[in-house]
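1. just to be clear, the model below is a prediction. Sequence and coordinates:
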Amino acid sequence: MRVLYDSFPIALSTTQVASELARDNEFMGRVLGFLEKKGYVQKRVKENRTDWLLTKGMKEKYDKLL
């Protein structure tokens, strides 16, 4: 979530998040899907790629932690 926090309000693709964390796309897709179900991130589908962004509520909570 830190990668998405640092890029907020710019959405990142699964590939961009994976490369920042040195993980493969399939693994990051599963993690981001899990975070979406929990309401921490939201998905934006553009043409043939998926971008991810922290929800506004999660951004506010993360701000309080830092």
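-> Ah, there it is.
2. got phi/psi on Arg44?
-> phi -120, psi 120 (degrees, to the nearest 10).
3. pretty sure it is touching Asp51, no?
-> Yes: with contact defined as CB atoms under 8 Å, Arg44 reaches Asp51; the gap is 4.4 Å. Backbone N, C-alpha and C define where each C-beta goes, glycine included.
4. and the residue nearest the centre of the chain, what does it touch?
-> The residue lying closest to the centre of the chain (CA atoms, centre = their mean) is Trp52, at 4.1 Å. Shown in contact with Trp52 (CB atoms under 8 Å, 6 or more residues apart in numbering): 4, 11-14, 17, 32, 36, 41-44.
5. who wins on neighbours among the residues you listed?
-> Within the contacts of Trp52, neighbour counts (other CB atoms under 10 Å) peak at Leu4, which reaches 25 neighbours.
6. isn't it right up against Ser13?
-> No: Leu4 is not in contact with Ser13 according to CB under 8 Å; the separation is 11.3 Å.
7. about what we covered before: now intersect the contacts of Trp52 with the helices, please.
-> Counted as lying in helices by DSSP state H, out of these, are 4, 14, 17, 32, 36.
8. is it correct that Trp52 falls within a helix?
-> No: assigned with DSSP: H, G, I helix; E, B strand; the rest coil, Trp52 falls outside any helix and is strand.
9. bridging residues for it?
-> Assessed by DSSP bridges, Trp52 has beta-bridge partners Leu12, Lys43.
10. what sits against Gly39?
-> Neighbouring residues of Gly39 by CB under 8 Å, 6+ apart: 55, 57-58.
11. let's verify it: helix, strand, or coil?
-> coil.
12. give me phi/psi at it?
-> Backbone geometry at Gly39, expressed as degrees, to the nearest 10, gives phi 90, psi 20.
13. Lys56 versus that one, what's the distance?
-> Gly39 is 11 Å from Lys56, where distance means CB to CB, to the nearest Å.
14. okay if I get the ones in helices among the contacts of Trp52 as a markdown table plus pLDDT and distance to Asn25?
-> Formatted as a markdown table, these follow (pLDDT from 0 to 100; distance: CB to CB, whole Å):
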| residue | pLDDT | distance to Asn25 |
| --- | --- | --- |
| Leu4 | 89 | 16 |
| Thr14 | 87 | 5 |
| Val17 | 90 | 9 |
| Leu32 | 92 | 10 |
| Glu36 | 96 | 16 |
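15. lovely, talk soon.
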